[in-house]
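Student: Have a look at this prediction, sequence included:
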Amino acid sequence: MPRAKSQRKFKPDEVVVAWEAFAADGIERVIQKGERLRGNDPAVKAAPWAFVPDGTPAGEMPNPWQELREREEAEQAQPDADVALLAEPEEYRDADVATLRRPLKVAVGTDGKGRPGRVVKFKAGARFLRDSELVRGFPDAFEKRT
């Protein structure tokens, strides 16, 4: 567990309260949250970080997780950027297209009986992505690259 503060010093007769339950070297028992002890108690001397002066308001009790987060944010300055994204965006590139040289009829899908589900007609000049199944499977129907 991160420590909330550096070592505190308490007067021997000062009443302190444990802000969190803990066990530590040199202490023969578990100290419970809210347990009140004097500043000269061996538990207070062994783990002063675990105590606050008696009467400390709840809103002022140490919060090690909040303090850790604040410290990490201060140590890890954000980069100078206009926007933050989880993944690096890809710059747009014009698609490599192939242009149909002549009209073409394409049988699409199946009717479940081994015949095409339908026939789609494309006019000459229609454009398709060069890496599409149609262009790869029937390259002679498309204009050659220049």
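Tutor: Looks like it came in fine. Being a predicted model, the structure only gives us computed values, none of them experimental.

Student: And the lowest mean pLDDT element among the helices and strands of the chain?
Tutor: helix 64-75 (a mean of 84; mean pLDDT, DSSP states H and E).

Student: Mind checking what helix or strand follows that helix in sequence?
Tutor: Heading C-terminal from helix 64-75, the first helix or strand you meet, by DSSP states H and E, is strand 97-99.

Student: Can you tell me how far the residue nearest in space to the middle of the chain is from Arg29?
Tutor: Centrality entry for the chain: nearest residue to the mean C-alpha point is Leu86, 7.9 Å, by C-alpha atoms, centre = their mean. According to C-beta to C-beta, to the nearest Å, Leu86 and Arg29 sit 48 Å apart. (C-beta placed from N, C-alpha, C; glycine too.)

Student: again, but for Asp13
Tutor: Distance of Asp13 to Arg29, given as C-beta to C-beta: 22 Å.

Student: can you give me the strands in the protein?
Tutor: Using DSSP state E, the strands of the chain run over residues 15-18, 36-38, 51-53, 97-99, 104-108, 118-122, 127-129.

Student: just those: most buried one?
Tutor: Mean neighbour count, computed with mean count of other C-beta atoms under 10 Å, is highest for strand 51-53 among the strands of the chain, reaching a mean of 21.

Student: hmm, who's touching that one?
Tutor: By C-beta atoms under 8 Å, 6 or more residues apart in numbering, the surrounding residues in contact with strand 51-53 are 8, 10, 14-19, 37, 44, 60-62.

Student: can you do 7 Å?
Tutor: The contact list for strand 51-53 (C-beta atoms under 7 Å, 6 or more residues apart in numbering) reads Arg8, Phe10, Glu14, Val16, Val17, Ala18, Trp19, Val44, Met61, Pro62.

Student: what's the answer for stretch 131-146, then?
Tutor: For stretch 131-146, the surrounding residues in contact (C-beta under 7 Å, 6+ apart) are Ala98, Thr99, Leu100, Arg101, Arg102, Leu104, Val106, Phe128.
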